[in-house]
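[1] Sequence first, predicted coordinates after that:
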Amino acid sequence: MLRGIFAVFIGVMSAVSSALADEAEKYTFKENVKVGQVVEMESTGTGKLVNADNTQVRDHQYVKAKLTVTQVKDGSATQIKVETSPDSYNTRKLAYIKEEKFANALAGKTVVVTRADDGTATIDQKVEETETSEMDINYAEGMLAPDADLFPDHPVAVGDAWDAGPDFAVHSELDTKAKGAAKLKLDWVKTINGRQVAQISESAAIVTENEDGDETDSEISGVLRVDVAQSQIVGADVKIKQHFLSKDGAKLSNYESQFSCSCGSELADKQQVRPQTQPVKH
C-alpha cells in the first residue's frame, strides 16, 4: 500500500521481525496486512515537465488521507477505503502564467480502491474532471501496490541487497504491459525517538508503452523507513526521472519529480513538533 505515485513505490503496513544469525543480526520482512487496519498519511510531491519546445509546467501536490483496509489476499491489501482530507490540494504553474491552486479531485470524498488479479487498480466512482484529477486518481489507485514486491524472500542483514518481485513494475505503474526491475538494500536499523527503525533504499527502472506506441522510461531512486515495532513503513523519500518518447523514438518531454510521505508513528512525531496556534489572551 501507499507505494505508488508519480510512479512507484511506497508501502504501508508491513510486518518486520528479526532473528539472530551466527555472525550478524538478520531481519525478515513480511507483509501481513489485516482487514480493519487504519493508517493516517500525509505526503507532498513536486514535479517539473519540460516539453520538446522547452516550455515548462511545474506541479505541487499535497495529500492528507486516512486509509482503511477492507480486503486482503496473501497478506497484501486488495481493497482500501480512502478518505481524503478537504485540505488536500494541487498547484500548477505554466510558463508566463500565474500559479493556480486546485482542490484535490478527491478532497473531502471517500472512495474505495480495488486491485484486480492482473495488478491494475480502480476507484469505485466517477470523479469530476479537473486540471489535476488524473494525477489525483492515479495517486489513490497507486496506494494498493503491494509492499511484498519490495521485500526479500529470505532474512537479510544490514548491507544486504536483493531484487524486487516479478510483479513490481506492473503494480507500480498499474499497467499490465509495464516492464522493469528494482534493486533494494537494507541500509541500517537504529533507534529513533525510542523506536526501532529500518531504512531500505531502492533503485529502479521501468518502461511502459501506451496504446499509440509512445514509450515512457522511468528511473526511480529513494528510501523507505520502517517502524519495526509498529510493523509499518512510516516514511519514504523518492526521486523520479521520466523520459517520454514517441513510437519512432522522438523526444516528447522529460519529467522530474520528488515525493515524500509520512504515516503512522513518523507522522505522529512530526505533528507533535509542529508549532500550535495559541488563542490570544485579552
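    The structure has been received and is ready for your questions.
[2] Name all residues that make contact with Gly36.
    Gly36 makes contact with Thr68, Val69, according to C-beta atoms under 8 Å, 6 or more residues apart in numbering. All C-beta spots, glycine's among them, are computed from the backbone N, C-alpha and C.
[3] Please tell me how far it sits from Val223.
    Note on Gly36: its distance to Val223, by C-beta to C-beta, to the nearest Å, is 29 Å.
[4] same question, Ile137
    From Ile137 across to Val223, the span is 26 Å (C-beta to C-beta).
[5] Neighbour count: the two, which is higher?
    The neighbour comparison of Ile137 against Val223 (other C-beta atoms under 10 Å) goes to Ile137, with 19 against 15.
[6] Format the CA atom coordinates belonging to the host helix or strand of the more buried one as PDB.
    Using DSSP states H and E, Ile137 maps to helix 133-142. C-alpha atoms of helix 133-142 as PDB (Å, rounded to 0.1, in the frame of the first residue of the first chain):
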ATOM      1  CA  SER A 133      -7.900  15.000 -11.500                       C
ATOM      2  CA  GLU A 134      -6.000  12.300 -13.400                       C
ATOM      3  CA  MET A 135      -2.900  12.800 -11.100                       C
ATOM      4  CA  ASP A 136      -5.100  12.600  -8.000                       C
ATOM      5  CA  ILE A 137      -6.900   9.400  -9.100                       C
ATOM      6  CA  ASN A 138      -3.600   7.800 -10.100                       C
ATOM      7  CA  TYR A 139      -2.300   8.600  -6.600                       C
ATOM      8  CA  ALA A 140      -5.200   7.000  -4.900                       C
ATOM      9  CA  GLU A 141      -5.000   3.900  -7.100                       C
ATOM     10  CA  GLY A 142      -1.300   3.600  -6.600                       C
END
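[7] just checking, what packs against it?
    Other helices and strands packing on helix 133-142, by 3 or more C-beta pairs under 8 Å, 6 or more residues apart in numbering; DSSP states H and E, are strand 56-73, strand 110-115, strand 121-123.
[8] Ok, which of those strands comes nearest Cys261?
    When the helices and strands packed on helix 133-142 are compared by C-beta to C-beta, strand 56-73 sits nearest Cys261, at 8.5 Å.
[9] Partner strands of that closest one, with direction?
    Take DSSP bridges as the rule and strand 56-73 pairs in its sheet with strand 38-51 (antiparallel), strand 76-84 (antiparallel), strand 89-94 (antiparallel).
[10] how near is Ala105 to Val226?
    Counting by C-beta to C-beta, the gap from Ala105 to Val226 is 30 Å.
[11] neighbour count winner among these two?
    Remark: of Ala105 and Val226, Val226 carries more neighbours, 28 against 22, as counted by other C-beta under 10 Å.
[12] tell me the average confidence for the helix or strand harbouring that one?
    Under the criterion of DSSP H and E, Val226 resides in strand 215-227. Taken as a whole, strand 215-227 carries a mean pLDDT of 91.
[13] Dump the C-alpha coordinates for the helix or strand following it into CSV.
    Using DSSP H and E, the helix or strand that follows strand 215-227 towards the C-terminus is strand 232-245. Only the C-alpha atoms of strand 232-245 are listed here, as CSV (Å, rounded to 0.1, in the frame of the first residue of the first chain):
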residue,chain,number,x,y,z
GLN,A,232,4.6,-0.2,9.2
ILE,A,233,6.6,1.6,6.6
VAL,A,234,6.2,5.1,8.1
GLY,A,235,8.2,7.3,5.8
ALA,A,236,9.6,7.5,2.2
ASP,A,237,11.5,9.9,0.0
VAL,A,238,11.6,9.2,-3.7
LYS,A,239,13.1,10.9,-6.8
ILE,A,240,11.9,10.1,-10.3
LYS,A,241,13.1,10.9,-13.8
GLN,A,242,10.9,10.1,-16.7
HIS,A,243,11.6,10.4,-20.5
PHE,A,244,8.6,10.4,-22.8
LEU,A,245,9.3,9.2,-26.4
